[in-house]
Structure formats: C-alpha cells, structure tokens
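In: what would the 3D arrangement of this be:
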Amino acid sequence: MDKHRCGWCVGDPLYEAYHDEEWGVPVKDDRTLFEFLILETFQAGLSWITVLRKRENFRKAFDYFDYKKIAQYDQAKIDGLLGNAGIIRNKLKINATISNAKAYMEIQKEFGSFSTYIWGFVDGKPIKNALENYKHAPATTALSDTISKDLKRRGFKFVGSTVIYAQMQATGMVNDHEVNCFRYHEV
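Out: Presented below is the predicted three-dimensional model:
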C-alpha cells in the first residue's frame, strides 16, 4: 500500500523523494541552512521543482554552498556562473548570493551560528501546523515577515517573506505536512 503524501509532491519521483527525505525535517547545520536559503532565493518567481532539478548543478557551481568561498567570489567567478546553463543564471540573484554569504558570516560572528540565530525565532522548536490540504498553507506569516525584515536589516537580499516562509517549511522550522501525510508525525 502506498503511503499518503502531501498533494504538492505526488507524481514526480524527484519531488516525492525530496518530500519523503528532506522537506520539513529540522535542519540545524549552518551549511545546509545556507544551501536552502540560497536555493529558495533562486526559486523566487519559479517553481521549486525547477530548482530541485538543478540542485546538483547549483552545488557544484557554488562550491557546495561553502559560504566562506562564496563570499570571496570575484568577477571571473561571477561571469562563469552567468555562463553556466546548469543553474538559474540571474545576475541579481548571483550577486545576492555573494553578499548574503558575507551577511551570513556576520550573523555567525554575532550569534555563534546561523542556526542559533534563525531557530531563536521559534525558541528552537518547530511550529506544528495542522493542514488538511497543502493548498491552505500560507505563503507568509507574521513570523516570516519579522525574520525577512531582520535579515534585510542585516544586509541580505532576495529574502522576502515568501522566500523565508518557504525556507522555514523546507528546514523544519514549521511543519506544514498535511495531517494525513505519513511524514506529519515523523518530523
């Protein structure tokens, strides 16, 4: 018997694997949090499956999301990224990734880790919603508005409230699995 999954992922093996193994699982590792933040940034205005299909290309192109290396990217590296057909070639988002890497490290200096900073907004525990249907999930919340404003104040780019809420869902800060999804109680 097939497991019941959230409706948004059904029918695509890559989407289903992402849903089953990653989406909504609490992430505390700074490098993984940075990866999701950057991927959500590139996803803005596009579908998540588009980014997911290019994820390995993004990892290779962006030095496996090593924010210390990314913060040092020069124009030659930027030009190489702009010519890389394997990723989403958006100059503003590429430049934002570099400036976000620098801002990310500033947060680490202040809080000890980005994880401590971001999880502090939820007192270190996931918010567990009770969605009957994924279509009822909000695109933003008052909390994602607050986090977005704080990140922007700290110099981050492309971190609107919708991007931040998607980040919160992906990294398990909020559990938006449907209540009848097999993952709802697991994460």
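In: from now on I want contacts and neighbour counts done on CA atoms only, so please keep to that.
Out: Fine.
In: report the secondary structure state of the residue nearest to residue 86 when sequence neighbours are not counted.
Out: Excluding the flanking residues, the one nearest residue 86 by CA to CA, 6 or more residues apart in numbering is residue 57, at 5.5 Å. What DSSP: H, G, I helix; E, B strand; the rest coil gives for residue 57 is helix.
In: surely residue 57 and residue 89 touch.
Out: No: using CA atoms under 8 Å, residue 57 is not in contact with residue 89, being 11.7 Å away.
In: identify the contacts common to these two.
Out: Common contact partners of residue 57 and residue 89 (CA atoms under 8 Å, 6 or more residues apart in numbering): none.
In: and the helix or strand that contains residue 69, how far out from the chain's middle?
Out: In this structure, residue 69 sits in helix 67-70 according to DSSP states H and E. In terms of CA atoms, centre = their mean, to the nearest Å, the centre of helix 67-70 is set 17 Å apart from its chain centre.
In: what packs against it?
Out: Under the contact definition 3 or more CA pairs under 8 Å, 6 or more residues apart in numbering; DSSP states H and E, helix 67-70 sits against helix 91-111.
In: buried residues of the helix it packs on, list them for me.
Out: Buried residues in helix 91-111, counting neighbours by 16 or more other CA atoms under 10 Å, are found at 93-94, 96-107.
In: so can I have CSV of the residues you listed showing pLDDT and distance to residue 49?
Out: Listed next are the buried residues of helix 91-111 as CSV, based on pLDDT from 0 to 100; distance: CA to CA, whole Å:
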residue, pLDDT, distance to residue 49
93, 97, 18
94, 98, 19
96, 97, 21
97, 98, 20
98, 98, 23
99, 97, 25
100, 98, 23
101, 98, 24
102, 98, 28
103, 98, 27
104, 98, 26
105, 98, 29
106, 98, 31
107, 98, 29
